[in-house]
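# Need a 3D model of the sequence below.
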Amino acid sequence: MYRKFSEMSDTHQNGLEEKPLYEPSVLHDIDFNGCHCSTYNPEISHMSPGEGLVMRPLCRGDYDRGYIQLLSQLTTVGEISREEFDARYSSMEGCLDSYYITVVEDKETGQVIASGTLVKEQKFIHKCSARGRIEDIVVDSKYRGRQLGKLILDVLTILSKKVGCYKVSLECMDKLVPFYSQFGYKKEDKQNYMCRRYSD
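Next up, the predicted model:
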């Protein structure tokens with residue numbers, strides 16, 4: 001009896017580890033072929049991002065697949081314990097229909113090698129619509145040049161419309177404006193991005 005209970009506990013724990021942050025069908029059902037903005041050579045998509053690769057929602061178990069280390073290639077992350085990661089994941093999970101963190105995993109190595117985030121900000125304006133923000137797009141240095149950054153941005157942009165955003169925005173350095181312009185992003189003349197930082 002004890003062995004069976006232990007096996008059930010392990011199965012339950014594994015289920016929690018692999019439960020996605022958002023419903024995978026939301027990602028799988030997007031019309032990528034008719035909506036993507038960039039060109040791909042060779043052709044890739046959200047359903048086929050490359051040999052041995054899979055695109056999917058973030059899972060709690062991605063802590064052990066190098067997700068935090070991947071983010072550190074983008075910006076300062078700091079030391080994050082498993083407990084801290086779990087607490088933040090649970091907080092995001094509790095904000096239903098708000099966080100669409102999407103990753104690419106190399107199934108051969110079991111490592112997360114690319115990621116991007118769509119945050120859906122609920123509004124009262126525009127008939128209780130929502131605004132999307134795309135953030136934290138990063139590709140592992142060993143996998144750059146395989147079009148994964150373009151793919152994640154394309155997918156999250158399409159996803160923002162699918163989940164009901166009336167607009168989607170992102171922040172970038174001046175030198176990257178031409179890159180993001182190919183996805184339909186434009187600098188708005190009357191808008192100024194202003195920021196007050198409390199830490200680097």
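# only C-alpha atoms for contact and neighbour calcs from this point on.
Noted.
# Please enumerate the helices of this structure.
For the chain, applying DSSP state H gives helices covering 2-18, 24-28, 32-35, 67-71, 82-94, 125-128, 148-162, 177-181.
# Around residue 109, count how many other residues there are.
The tally of other residues near residue 109 (other Cα atoms under 10 Å) stands at 11.
# Need the pLDDT of residue 12.
At residue 12, the predicted lDDT confidence score is 45.
# What of residue 141?
As predicted, residue 141 sits at a pLDDT of 97.
# go on, the one 4 residues further on?
In this prediction, residue 145 carries a pLDDT score of 94.
# now it: how far from residue 50?
Taking Cα to Cα, to the nearest Å as the measure, residue 145 falls 12 Å from residue 50.
# Quick check: which of the helices of the chain is buried the most?
Comparing the helices of the chain on average neighbours per residue, with mean count of other Cα atoms under 10 Å, the densest one is helix 148-162 at a mean of 22.
# Show me what it is packed against.
Here helix 148-162 touches helix 32-35, strand 111-122, strand 130-139, strand 165-170, going by 3 or more Cα pairs under 8 Å, 6 or more residues apart in numbering; DSSP states H and E.
# Would you mind putting the ones you listed into a markdown table with distance to residue 94 alongside?
Converted to a markdown table, these look like this (distance: least, Cα to Cα, whole Å):
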| stretch | distance to residue 94 |
| --- | --- |
| helix 32-35 | 28 |
| strand 111-122 | 14 |
| strand 130-139 | 18 |
| strand 165-170 | 20 |
